[in-house]
Every structure is written in structure tokens, then in C-alpha cells.
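Chemist: let me see the structure of the following:
(2 chains)
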Amino acid sequence: MRAGSDRVILHLDMDAFYAAVEVRACPSLAGRPLIIGHPGRRGVVSTCSYEARTYGVRSAMPSVTAMRLCPQAVWMPVRMGLYVEESRAIAAILAEVTPALEPLSIDEAFLDLIGVATALNDGRVVESLADGRRVAARLKERIRNERQLTASIGVAPNKFLAKIASDLEKPDGLVVLPAADIPTRLWPLPVARLWGVGPRTAPRLQGAGIRTIGDLARADRRTLARLVGADAAVHLQELARGEDDRPVEPRRDARSVSEERTYGDDLRDPDAIDRALLARAEGVARQLRRDRLAGRTIRIKVRTGDFTTWTRAATLPAPTDLAEVIVRAARALLRDRIRLGSAGVRLLGVGVSGLAAAGAGQGALFPEPGEERARRVALAADAVRDRLGDGAITRARLLRRPAGRRPAGR
Amino acid sequence: MDFLTSKENLLRELQAVQGIVEKKSTIPILSNILLEARKDRLELLATDLEVGIRSSCEATVKSPGSVTVSARRLFDIVRYLPDAEIRLKADEGNWVVLTCQKARFRIVSLPKEDFPAIPEFDFSKGITIERALLLDMISKVIFAITTDESRYQINGTLMTLNKKHLTMVATDGHRLAFVSGRLEKGAAEAPIEVIVPRKAFQELPRLGEGESEVVFGHKENHIFFKVGRTVLISQISPSKFPDYQKVIPEGNDKLLKLDSVALADVVRRIALLSSERSRAVKVSVSKGSIEISSNNPEVGEASETLDVDYDGPGLDIGFNAKYLLDFLQAMGPGPVILAIKDEATQGLLRPVGLEGRDYRYVVMPMRI
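Modeler: Residues are numbered from 1 along each chain as shown, chains lettered A, B, ... in the order given. Got it, this is the predicted structure:
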């Protein structure tokens, strides 16, 4: 690990990402206040365009508030599949620069540029923040040309400063923030901009007269420790001085996908256990399809009320990304390889490992008609969930039934 | 029930049924064998409900009757007995007493009324099949049966008999083995098409060593194979086997004639560095040679070429090494033709000059 001052870290943040993707798909929306989210009574704003932000609309705001602030806004549903696809395309551009790439979310990533030789730096090795600026400018240009989207980029000696920098001149910003600029550019910012200062800590600090990051940097350590605790005090002051030595951590490829849940009341009814198994299989299958993966080894984990834990696994002849196939294997494991006896289920998990890119591997001579149908249904359901949210569609078997009532037959 | 028979007789018959009896059955009676003493014979029956065996040996019957006892336990006892006459006699309650010279065993039994009924067949109406032909054909397809028990449509061998024409097909959904042959003596008057469970064809070769003929019968949901004194009875699967003729490729125009032993040797070597999970090897065809290669990012890579008389366009195609080896082993030494079309179409392997058999093997490629 190099010393903090030697590094060139780039933080890229797409501008109003969902809204920008929607505007690109429908150019007549350009320049108008656009809100992505559900305009219903209980809906919330997922994100919005800069035009909507000028009216005070913000992410996670209740839709009714947003409608009051900006009644003329155009509302669009969330189309997650579209954004995920765009996110992948941008990640591919970034990956050409360096494999030291840490995606933070669908529209943000850190890159560690030090020692990287890239065409964006005329093939030379990046050695300084000035090189970092050149790479950032050309990266923005590529994203504008190839994806018709704008990004804001911060370049700094560490992750914290890079993230602060990318936000300073948003949208379409490019800010290089060397340590020397900390007093002029970082310290005037409100303390709430620091990672770790949330809605509970901020008022406490402000009450003690600590309003800006600069106030915090200069604050007495012991006073600060009384306000936020000793450990947090050290950490916050380091950040306030622009010190942060966390490395950029490329996300390793997923080795398994799993989902588990703990139940407040132990599950005893075999039908309830089976439905729980199906729900977990469904969740795992959806994650697999979202990441374009398929897996061969199906694992279940069961913990009973007395904290006995079982994990059992089985390997399928071919990789799958379908809940039907996963739950079939999971049911067999639960039935044949676990002796629950009279114990209730406290925790139930389903996981899939042995992952490979979906569609790779061994071809089939006789595509199974049941699986083909299940795949078409799953893809259609995915599309609905991408647009309307995960709760928008589910299996009849997973619908909650009124207690004591059972449908006759299935 | 009370009878006497030799250790040799009893051991031979008990051994033959061990493969049928369920070792860990949830239905206790299925772990048992039914012994029926009548006239001058002892009849033995074992079943797992899908496949059953009915066999018999000579015995001196003092009083006829029947009992059921654990097949495994009786087999173990008889194995360790001295080479002498064995007497088995039903005792009070559910007990059976076995004596041999000075040894005495009292074994628990289960009521014979609980033993499942096993259908019978009148073999005067059976079809005679040469045992060598039947066993050879089974060995050419049985390895391809799926091990995924939930895929019941293909969880067995499709056997068809039309006049003197016998065919067998087995698949696991990724590769398919097809073989046909001709009966010498027997013939089917009406065409027969049945799916034979894996277990039936696993056990059949072990029965009737030294016999030259098998008599085959089909009645309702059961099929029967009589080899010497022993009869194997099997349910047939009610499912519909997939339309296999559709997947045997016709238009594979790139023909590569190779020696099966040389090809198997190369594939076995190169597969050492293929990914353990996929076992994929790449076959790269070019003028005059094919290259078999593998690579595994965590281990390394390997390649080897084989000369071949080929003048067509180049092609890369991936196969599961195990699928290739299974077939090359089953066909035995000799020339083989690998016929391929493109990297997505199933490949066809076929031995050249195999007397009296049409043997074909279809393998779906791997995307690599």
C-alpha cells in the first residue's frame, strides 16, 4: 500500500443517473422537471432531474411533497433493468482504464489511477493529480460521446476527498482536490457532508458550535469525544483534515448468491416452511438473473429454535437461474437430508454457488418445455419488477392468506 | 415351511438378488427376500417395486410354505457358513431357524402377506434374444442415462423391438447413445416400445452367466427377461421418451476419421487441465490436423494435435471430455468418425465398420 499522499484516486458519479437515462430514451423530456418514482399517495421519489431539484425535489422525498413542490413535473416509473444495463456499459469503459475499480453503487465508482498506463493519459503512466485530471476529462468525454450521458468526477489523493470533489461542481463537474486546497475547499462545507455525520450527530455538533468541516478539524479532541464518542472523534477529525487511507477495493466476482431470513416465530407448518423455501429460491434466482449468472450447487441452511444448524448442498447436472429448479433441489435437501422432527424453523436460507455466466457451458439436446416456460415467465416477471418494484408481482403461492383459511386443492 | 439345500445353491441365488434389494428402504419388507418352498424347489423373490427377480434352485422340501427374511442378513450368514447342507425351517411366531452342521441361527422374519405381488409371464409367448447381443447393446447405451432422477422421461433406456430389429436409446439431455441390432432367432410380431429403468439393465448382465439366450416378454406395464432359471421383472416407465430421431444430426459435413484409442488417449491427457467443473476441451479443426486443447486460468493450459485426412474449412468446437471418453470406451478400439457442422450444432460420433450394429452417439457442444 502506498502512502496516502502518493495516490491518485478518481471518483465518478453519474449526474441524475436514472433521469438522464430516461431523457436519453425520450429526448422530448430534456429541460423539463422529471421525477422517477411512483406518484401515488404512498410513493416516494426515487431520483429526479436537476430541473426538478431547483424546485426543492429530492431523492427519497414522499411523492405527495414532490407533487406539491413541483406540480408540473413529469413522472416516470423506475425501470431498473434499463439502468443496470447502462451501469454495465459505463463500468466497461472504466474497466478499460484500470482493473482497480470499486463500484460503489449503480452510478458511482472509485478508480485508483496510480501506476496505470492508459490511452487516456497518452499511454503514459499516471503519476500525479495533473495526470489524473487529464484522464478524468477524457473519461467524461468518452462517456458523453459513447453513452450520451454526463458524469461528475473528483480527483484527489484519497477516496474521501475524491468523493467530496466530485460533488463540488455537479453536474458535469471536474474538480481536482489536492491536499493543499483542503482549507479553502473542504473546510467551508457543512459537517453533515462528512461520512459518519448523519441526522443524529449533525445537530449535536451544531449545538456545540461545530458547523463546518473546518470547525471540526480545529475542535478540541476531548470536547468532540464527549459529543460523539472517542473512536468517532478520532475518525471524524482525520476525515476533516482530509486524511483517509482506505484502499480502492475491486469487488471480487461473486462466488455464491444466497438469501436467508430469521423468523420471529419459529415456522412449524410444513406448508409455511415450503413457502418460505420458495420465497428464498425466488429471491436468489432473481439475483442470479440480474447478474446474468447461473449456478450448479444448491445449498440450504436451516436453524431450528434450539439453534441446531444444518447446511446441506446438492449439485445439479446443469447450472440454473430459475426458482423452480432451485426450489426443487432445496425441497429435496430439506426432505431427505434434514431431520427436523418436531423442531420449528428459526432461520431458513437458500444459496447457489458454482457460478458461471448464464448461457455458458453445456448445451441441451432437448430443452425442457417446463423450464423454457418457467424462464419466459421469470423474465416477464423480472421486467415488471424492474418497472414497478419488487413487490409488484409474486407467485400465488407466496401471497399471504388469511389465517385458518386454505384454498381447496391447488 | 421346512427345506434343505446346499450352501452353494443358496449362496448363488442370494448373490444374484443383492443388487435388487433396497439397502436403505423406507418400506422394511423391501429389504427382505421371499423364500417359497414347494415340491422339490426353492423359489426366491426380491423386489424394490420397480425391478424384481424371481429365481429358484433345487431343494429337498420337507414341508412346503414361505417366509420373508432380510436378504442382506441371510446372504451374510450363508457366506460364512461351512460348505455343507443348510436347513431352513419356519418357527413359532415370526421366526426362522437356519441350521448348518453345528451352527444354528434364529432370524426374525416379516409376514409373507406383506410382500408385494410380482407379476408372472407365460414365456411360451416370449421373444428370444441372443444374450451376447442384448448385453453388448446395453453396454453401448447404459452409460448415457441421466443420473438426475427427476428427469423421469429419460431416466431409462428406450428399447424398441420391431420384427427382428432391436434398438436402444439412452440420453442425459446433453448426449445421446443409439444402437440397433438384429435378432437371429426371435422376432416381435407387433412393434414394442418401452422405457426400461436403469436398474433393470444394470442387473440383467449379472444374471444367467453361461446362458446364451434371453427370453423377453411384455405384458401391460411390465417387461420380463428370462435367463436360465432366473427371471427379471421390471416396470416400464409410463412417460414419453423425447423424440430422439430429431436430434441425431444429418447434415454434419465436416468428417474427421480418427482412431478411437489415439483420440481417447489425447482427450484424457488434455482434460487433465480443463476446468474440473465443466471438463471442457476445445477441438480445433484445420486442414490435415485437429488440435485438442484445454485451459484453466487457475491451473494452466494444454494442447495436442492429431493428424487427420481433412481438407475443409477450419472450426473450433467445445466438448465435455467425459462425454467423449464415455463413448470412445464403450465403442472399443477401432476407427471412429467425428462428424461436426459448426460450433453450436451437436456432433455425431460413429464407429466405422462395426459388424451387425448401427451405433451412433450424439454430443451437444459446450460454449467455450
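
Chemist: from here on, just use CA atoms for contacts and neighbour counts.
Modeler: Fine.

Chemist: I'd like the next helix or strand past the host helix or strand of A:A276.
Modeler: Assigning secondary structure by DSSP states H and E places A:A276 in helix A:270-290. Using DSSP H and E, the helix or strand that follows helix A:270-290 in sequence is strand A:293-304.

Chemist: now do the buried residues in that next one.
Modeler: Buried residues in strand A:293-304, defined by neighbour count with 16 or more other Cα atoms under 10 Å in any protein chain shown: A:L293, A:A294, A:G295, A:R296, A:T297, A:I298, A:R299, A:I300, A:K301, A:V302, A:R303, A:T304.

Chemist: now do stretch B:114-129
Modeler: B:F115, B:I118, B:F121, B:G126, B:I127, B:T128, B:I129.

Chemist: return the member of the residues you listed nearest to chain A.
Modeler: B:F115 (25.2 Å; Cα to the nearest Cα).

Chemist: tell me the predicted confidence for the closest residue in space to that closest one that isn't next to it in sequence.
Modeler: Counting by Cα to Cα, 6 or more residues apart in numbering or on different chains, B:F115 lies nearest to B:I29, which is 6.3 Å off, once chain neighbours are set aside. As summarised for this prediction, B:I29 has a pLDDT of 89.

Chemist: how many other residues sit next to the residue of chain B at minimum distance from chain A?
Modeler: Closest to chain A within chain B is B:M366: 4.3 Å, counting by Cα to the nearest Cα. Residues lying near B:M366 (other Cα atoms under 10 Å in any protein chain shown) number 24.

Chemist: just checking, it touches A:G363?
Modeler: Yes. Proximity of B:M366 to A:G363 meets the contact threshold set by Cα atoms under 8 Å, at 5.8 Å.

Chemist: and the helices in the chain?
Modeler: Just going to use chain A. Using DSSP state H, the helices of chain A run over A:17-25, A:50-53, A:63-69, A:80-97, A:129-147, A:159-168, A:201-207, A:213-218, A:221-228, A:230-240, A:270-290, A:323-337, A:369-388.

Chemist: not quite, I wanted chain B
Modeler: Here chain B has its helices, by DSSP H, at B:7-17, B:71-80, B:131-141, B:198-203, B:260-270, B:321-331.

Chemist: kindly report the domain assignment for chain A.
Modeler: Domain assignment of chain A by automatic domain parsing yields the ranges A:17-79, A:187-240, A:256-398.

Chemist: ends of the shortest one, how far apart?
Modeler: Across its full length, domain A:187-240 reaches 7 Å between end residues, using Cα to Cα, to the nearest Å.

Chemist: tell me the mean pLDDT for that domain?
Modeler: Here domain A:187-240 scores 88 as its mean pLDDT.

Chemist: starting at the chain centroid, how far to it?
Modeler: 27 Å (Cα atoms, centre = their mean, to the nearest Å).

Chemist: got it, and the longest one?
Modeler: Distance, stretch centre to chain centre, for domain A:256-398: 22 Å (Cα atoms, centre = their mean).

Chemist: alpha carbons of the longest strand anywhere in chain B, as PDB, please.
Modeler: For chain B, the strand with the greatest residue count under DSSP state E is strand B:188-197. Extracted C-alpha coordinates of strand B:188-197, given in PDB (Å, rounded to 0.1, in the frame of the first residue of the first chain):
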ATOM      1  CA  ALA B 188     -41.700 -59.300 -32.500                       C
ATOM      2  CA  GLU B 189     -45.000 -59.700 -34.200                       C
ATOM      3  CA  ALA B 190     -46.300 -56.300 -33.100                       C
ATOM      4  CA  PRO B 191     -43.800 -53.500 -32.500                       C
ATOM      5  CA  ILE B 192     -42.800 -52.900 -28.900                       C
ATOM      6  CA  GLU B 193     -41.600 -49.600 -27.500                       C
ATOM      7  CA  VAL B 194     -40.800 -49.400 -23.800                       C
ATOM      8  CA  ILE B 195     -38.600 -47.400 -21.400                       C
ATOM      9  CA  VAL B 196     -36.500 -49.800 -19.400                       C
ATOM     10  CA  PRO B 197     -35.400 -48.500 -15.900                       C
END
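
Chemist: what lines up beside it in the sheet?
Modeler: strand B:156-163 (antiparallel) (DSSP bridges).
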